[in-house]
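> Here is the input, now give the coordinates:
(chains A, B and C)
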Amino acid sequence: MGKDIREDIAWAQINTDVLKSLENPRKLFWVIIFVALMMFGVGVGCEVYQYQTGMGVAGLNNPNVWGLYIATFIFWIGMSHSGTLLSAILHLMHADWRKPIYRFAEAMTTFSLMTAGLFVMVHLGRLWQFYYAVPYPNERWTWPNFQSPLLWDAMAIFTYLSSSVIFLYVGSIPDFAICRDNVHPGWRKKLYTLLALGWEGTDRQWRNFRVTYLTVACFLIPLAVSVHSIVASDFAMSQQPGWHVTSFPPYFVAGALYSGCAAIITLFIILRYVFKFEEYMTMPILKKTVRLTFAIAMVWTYLNWVEFATVWYSHDEVAKGVLIDKATGRFAPFWWAMNFCGSVVPFTMMIKRLQTNIPVMFAVSLLLNLGMWLERFMIVSPTFSHGYYPWTMDANYWPSMVQWGIVFGSFGWFTLLFMTFCKIVPSVSMYEVKEMVYHRSLATKKAELGLEGGH
Amino acid sequence: MSVSNLLENWSKFRHNHPVEDKGHPDWQAYPSEIKWAMAIDLDACTGCNACSVACYAENNLPVVGKEKYSHGQAMHWMRIERYWDEDNREFPDQGAQFLPMLCQQCEAAPCETVCPVGATNHTEDGLNSQIYNRCIGSRYCSANCPYKVRYFNWYDYPSTENVWPAPMEQQLNPDLTVRGKGVMEKCTFCKQRTYTARNNAKTEGRKIHDGDVQTACQQACPTNAISFGNLFDPESRVAKQWEQQQVELIKAEQEKDVKPGNNLRGYRIFEELRPYPSVMYLERVRENGV
Amino acid sequence: MIENGFNRRDFLKVLGWGGTAVALSGCGNTSIENGKETVVSYVEPEDYAIPSIGVYFNSTCAQCDAGCNIEGRVREGRVLKLEGNPGSFINRGKMCGLGQAGVQAHYNPDRVREPLLRNGSQGETLTWDKALSLINDKLNGVKGEEIAFLTGGVSGHVKVLLNNYLDALGSKNHYAYEAVSPSVVRAANKKAYGVEMPRLRLDKAKVIVSFGADFLGAWVSPVHFSQQYAQFRKGNRPEGRGVLVQIESKMTLTGANADRWIPIRPGTEGILALGIVNALGAGIPADAVAAAKDYTADRVSKDTGVPAEQIIRLAELLKERSPSLVLAGAAAEGYAHGSQNAAAIALLNQVLGNVGKTVEAPANAQFAQITPTTGNRAALRSLNDSMAQGKLKVLFSYGANPVYTAPDALKLQDNLKKVPFKVVFAHYLDETALEADLVLPLDSALEDWGTSIPEYQVEPHLSIQQPLMERLYPNTRGVGDILLALLKQRRADEYKAYEDFYSYLRGAVVQNKAALGGAGADDDAFWNETLSNALVKLPGAAGSLSGKASAVGLTLPAPAAEVVAYPLRLIPSVSASMRDGRHANLSWLQESPDPLTTVVWDSWVEIHPKTAAKLGIVEGDIVEVASQNGSVTSQAYLFPGIHPDAISMPLGYGHEAMGRYAKGTGVNVFKILDPVFDKETGELAINETNVRISKVGNRVVVVKEEGPNGGSQLGRKKIAVKVSSDKVDLSKEV
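Presented below is the predicted three-dimensional model:
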């Protein structure tokens, strides 16, 4: 397998390498920011048009009242589970190999949630009154409807977002301190001083830190599971065919983890290359990530097949109709693509040679995420087009350019956020890598001693 | 805005849909004396579309025009569906069949539970209410409706050209809103009429009589295929029809259907999904031997 | 709350109109000083009108010839919605969709608002005085036979004034033209029963066999017949539940409601009728036997395409269940031998003994001057011939749009140009109004006074039409007022007592109050009560049927041979909403799906799937439908309810003018009809056009209610359930 990290990297070296990524960016950075801004601009333009004219420009109709907005919303929420998986779950499992990569994964979580939040707004017919869903004191004594899964969504996502932000921030405090101590005076130093909250690295602070971090990790994990289960219950709690399946919550959570891990691979490869983090985001770690992704892929595949199986043996004619329509109707190419990307493509990750082949893994990770986006699309649209009521079965619906534009724009938004993050917050957790190197060197010494003083 | 109010009424809040062995929940106002219901005789329905046009006239429905209609964005609260016999014969030698489909005003409406802001609720006279100014347009209610009878305002029709060009806006019924963009709407059993009738009866100190209020569709229908009234009033035509057809409101499967061979023709659509719809249809009758 | 462009000023203006009108017409109750009010409240309703509560006024619907009685809900001085008048003999409180759209005709944005005088290709506004004096000038020196008045069907006091005006002009040229009318059947009825429109008792029949009579859709008096049909279908009437058999080449709305729909080769309806007579066997009059001798089931089956067992079964059904009712509709009469078809079908009624049972005599209405003059298509032909020969110098047109409804083959538009002065009374600038030299804008039906008697009478009565609100535009006039003004030009003395048409009408009705059931009543009270009901019973002795459905001279031609170049027969269809196209500018009607195809906002070409498969046509293909006299292109729609040798297109679309909703919507099928006429009556035979279809090359998605994938019928078993009549007991139903 190889070592996750070399044990002889000097701590000062770690600082230098990581802080280098925070320097003034090269031209390529600005080019990509510009492109991302343009993409986001397209999205904003489409939304302004839709806001002023009405949701009809999205091409939605009766019965297809939900479209890409909901599908992409779920996609982004799904992406957000990567961070929690890597930072919180693997933290509790003492999987050290997560240490160099969890920081950007956490960031990905936070920004995915922020992007998903956009879609909730964009999807509303009367966006300017979204605050009706918030239980604020009003003269009509009205509460929002607590029976509605959409409302649980709102609450769950808000909780998750705020917890993730806290988790990301708290976990970065020691790193901010390092930055504060090592950058040149200027706006950056002021910023890091502010963010570091006076971190000295004393024993007491470290002990408090560990406890806090662990606590937040502990409640973040059930939050992550519950958030996507609640998003799944948007569908599972309705009675529409193709949705009313109890396996939806675990299916969605599995899909989310899957999606997140695939995104981690993508960003891993990008950051590794851009910031030259080869020493930290090592091949063995990539391998482990890839294998983890494969495991989750199999879980997702299983749950996917569970959905088919339950439809099949339920003898529920309407649900069967939806499934057959997915496989043979006008969305069939997407459905088959989803199954291919989600269940067949991961097998490339079983091939040892390919597990560390950067271009292949990059392509694979993108394909996996494409598959996952298609999965969300396949959950939303076929049930509308082929629901209970035959008269309204509609073979004519297709998302309009406005919908595609806003989806496109969301990727721009995410990129903007992520790239800003990369230049302000160290994307590799310096203190954790130092811990990792320390433990590695301890282990090596023990091994040597053990070998020497064998008898 | 009262937490104590919420807690006090939590049990009512939770149990605001009827359950088969428990019947209606015991609100102060419910069971009220009125439960509006409808019966549509598919044998008498000729498919003439008079009811649909009357609904447009009464309820300020916008005409969306050819392009928006082609996108499936029509606003007809009452749509007339036309069915052929399924067996691929060369000619439809038993004619066609027409079914007016409108909001079924379900007692356990799937749309009511899922609205995030509570814009759709159940009224004490048994209607499924849609509160336009509360609606934020999440469209979950339409997603959960098995009949797909909820219609969303995809555009701002009052300001759209050629929907109500002057002086057509003078025809608008002032008794109800003209909806702007982003809100969901659906058949209300002519709420503006039932409300007026109830108020009139209250002012006069009497109960509502059968025939005091007619929905626009019922009033127009040339063959009297639609009957509408108070299901709790045993003298009303609709109550008599439901009783004669042995269809009960809060049942997912009627006793008469347990064994085959009853010669009644009243049924409800998607009864087995348990929304407890308030519209009963009477099967179309055709003589086969001619 | 209305959040649209309807601004406060307009709202108050309307109220002001209502209020001011009341204030001015009221006597003496001024607010501040007598005669010097400077403050007038915006809302000064009548005593009985409470703001926000609607008051219902009765009137008469003018959307079609059925003449149903309506009531309009009026609030704050404007009419909002129309309902049926529960006291009506015709519609008994019910309304069809076309009638509901009457408010849209009233509030239509494309109504003509000012008199217009042609100047080149533009119309310049002018005052009524100028317009009327211009007419007077143009009539100077013109002989009576050079003047013609084209109208639709007319009745009531407008008819009286019209006849008097023509008389004053010395003209006998009144052309009553209806593009869609059962005129052949009228003539056949006259021969067979002695009256043009006997009273039909669908509710008393046990079996109805309709040869294409769309009595539930657009034939004669659909709302009335629908109510009878509802009785007919009830299981708890003495006759038991009725059975409907519809025989036609293209399924109409009534055909969709039949227990048995029988597709028949176009034109062979009469042959089938005689085939049934033949199959009846014993017990029928000798001349009928003789006429039907050759029409054995096999021969008829070959000619019509109807299976022999079906013919025999039908005869048995009719024999078993009596009384029955046999009807002949547009489908049967629209041929060169349409009269023979109708005669054969009337013969069937006689042979079955229905005359006197389900075919009754209408009561004879007493006042001949106001009884309806029905419109037909032969009138158009004679008008066209007159114009072609340059015989006419002045033409008046009211309630007709011949430039739109005339087949191109008649070259009516060209012939119109030969008439030097044309005056059109118009609601819209339709195709005919655009050809006019002078356009006179009409009050809408909800703004106007009038009386009418519908052609199809249940109880003889006079319907009153009264304004449901003040006129929307100050410069429109009612047709009665215009005619009165024109009459005053000719016969000033006779008519000077009448200030306006209202006073003439009132005078005429009140004068006859004794005959109208108001003997001894106070004039005002009688008039108010009449207005309040908006209908008054006419005295009339019970009539009797005197004709004889005779088989003598009944010859039916063999089924038409296929014309090689034009292999398909075009059957134009009349829908309840579109009719002859006069209401194409009402958006509710355009948006209301055709009941059978569910197509909206466009024309279509109905093709049987077998025929379409042979021609390689799928739904949405744009096809060209070409007859010898023109062609139109429209979208193809595969429709199982049509004979494979026929195609059908709806009438009423394809306006080139008239308004924003009508213009450019669909194609005009009237144009391409072949100029074939019924031999006996001279009526245009609308089902005699042979066409060929060819694909133009592009394909569209048909815009329709049933959804783009051809209408999923999956709901048939679970949702729209049908039950066989032997499995259900209707006798105990409520």
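> Please report the distance of the residue nearest to B:Thr46 when sequence neighbours are not counted from C:Thr374.
With sequence-adjacent residues excluded and distances taken as CB to CB, 6 or more residues apart in numbering or on different chains, B:Thr46 is closest to C:Leu216, at 4.5 Å. (Glycine included, C-beta is placed from N, CA and C.) Distance of C:Leu216 to C:Thr374, computed by CB to CB, to the nearest Å: 21 Å.
> Tell me which of those two has more neighbours.
C:Leu216 (30 against 20; other CB atoms under 10 Å in any protein chain shown).
> Okay, now the unreliable bits of chain B?
For chain B, the stretches flagged by pLDDT under 70 are B:1-2, B:6, B:9-31.
> give me that answer again for 90
When residues are selected by pLDDT under 90, those of chain B lie in B:1-33, B:85-89, B:122-126, B:250-252, B:259-263, B:289-290.
> Next up, the contacts around residue 105.
Reading this off chain A. A:Ser82, A:Gly83, A:Leu85, A:Leu86, A:Ser87, A:Gly260, A:Ile264, A:Leu267 (CB atoms under 8 Å, 6 or more residues apart in numbering or on different chains).
> Chain B is the one I meant
Contact analysis of B:Gln105 by CB under 8 Å, 6+ apart lists B:Trp36, B:Ala37, B:Met38, B:Gly126, B:Leu127, B:Asn128, B:Cys187, B:Phe189, B:Pro277, B:Ser278, B:Val279.
> how does it look with 10 Å?
Going by CB atoms under 10 Å, 6 or more residues apart in numbering or on different chains, B:Gln105 touches B:35-38, B:122-123, B:126-129, B:149, B:186-189, B:275-279.
> Next one: it relative to C:Gly641, how far apart?
34 Å.
> what do you get for A:Leu150?
45 Å.
> just C:Ala365 next, same as before
Distance from C:Ala365 to C:Gly641, by CB to CB: 39 Å.
> Flag every residue of the stretch 151-300 of chain C that's near chain B.
C:207, C:209, C:215-218, C:222-235, C:241-246, C:251, C:253-263 (CB under 10 Å from any CB of the partner chain).
> Among those, which ones are in helices?
Members of those lying in helices (criterion: DSSP state H): C:222-232, C:253-256.
> what ranges do the strands span in the stretch 551-700 of chain C?
C:568-573, C:605-607, C:621-627, C:630-638, C:646-650, C:689-699 (DSSP state E, counting those that start in this stretch).
> ok, A:Tyr431 touching A:Cys179?
No: between A:Tyr431 and A:Cys179 there is no contact under CB atoms under 10 Å: 11.4 Å.
> ok, these two, which is more surrounded?
Using other CB under 10 Å, the more surrounded residue of A:Tyr431 and A:Cys179 is A:Cys179, with 25 against 22.
> Can you tell me the element the spatially closest residue to the more buried one that is not a sequence neighbour falls in?
Distances taken as CB to CB, 6+ apart place A:Tyr192 nearest to A:Cys179, at 4.3 Å, with adjacent residues excluded. If you go by DSSP states H and E, A:Tyr192 is part of helix A:187-196.
> What is the burial count for the closest residue to C:Ala378 other than its chain neighbours?
Spatial nearest neighbour of C:Ala378, excluding adjacent residues (CB to CB, 6+ apart): C:Gly682 at 4.0 Å. By other CB under 10 Å, the residues close to C:Gly682 number 18.
> now C:Val423
By other CB under 10 Å, 24 other residues sit near C:Val423.
> Surely it is in contact with C:Leu395?
Yes: in this structure, C:Val423 is within contact of C:Leu395 by CB under 10 Å, at 7.3 Å.
> Can you pull the residues that touch both of those two?
Joint contacts of C:Val423 and C:Leu395 (CB under 10 Å, 6+ apart) are C:Phe149, C:Ala436, C:Asp437.
> Isn't the last one up against C:Lys393?
No: the pair C:Asp437 and C:Lys393 does not pass the contact test of CB under 10 Å, sitting 11.6 Å apart.
> Common neighbours of those two, please.
With CB under 10 Å, 6+ apart, C:Asp437 and C:Lys393 have common neighbours C:Lys138, C:Val419, C:Pro420, C:Phe421.
> Now the buried members of these.
Buried subset of the shared contacts of C:Asp437 and C:Lys393 (neighbour count, 16 or more other CB atoms under 10 Å in any protein chain shown): C:Lys138, C:Val419, C:Phe421.
> Could you say which helix or strand holds the second one?
Assigning secondary structure by DSSP H and E places C:Val419 outside every helix and strand.
> Could you tell me which residues make contact with it?
By CB under 10 Å, 6+ apart, the neighbours of C:Val419 are C:146, C:148, C:383, C:386-387, C:390-395, C:435, C:437.
> which one of those residues sits closest to chain B?
Nearest to chain B, judged by CB to the nearest CB, of the contacts of C:Val419 is C:Glu435 at 25.8 Å.
> who's in contact with the closest one?
C:118, C:395, C:397, C:402-403, C:412-413, C:416-417, C:419, C:422, C:424, C:657.
> about what we covered before: how far out from the middle of the chain is the helix holding A:Tyr192?
In terms of CA atoms, centre = their mean, to the nearest Å, the gap separating the centre of helix A:187-196 from the centre of its chain is 28 Å.
> what residues does that helix touch?
Helix A:187-196 has contacts (CB under 10 Å, 6+ apart) with A:22-24, A:169, A:172-183, A:423-426.
> Can you pull the residues of chain A lying near chain C?
A:63, A:317-318, A:321, A:329-330, A:385-386, A:388-397.
> Return only those of those residues found close to chain B.
A:Pro63, A:Val318, A:Tyr388, A:Tyr389, A:Pro390, A:Trp391, A:Thr392, A:Met393, A:Asp394, A:Asn396, A:Tyr397.
> give the contact list for the closest residue to B:Gln219 other than its chain neighbours.
Nearest non-adjacent residue to B:Gln219, counting by CB to CB, 6+ apart: C:Glu83, 5.6 Å away. Contact partners of C:Glu83, counting by CB under 10 Å, 6+ apart, are B:54, B:57-58, B:214, B:216, B:219-220, C:56, C:58, C:70-73, C:91, C:93-95, C:99-100.
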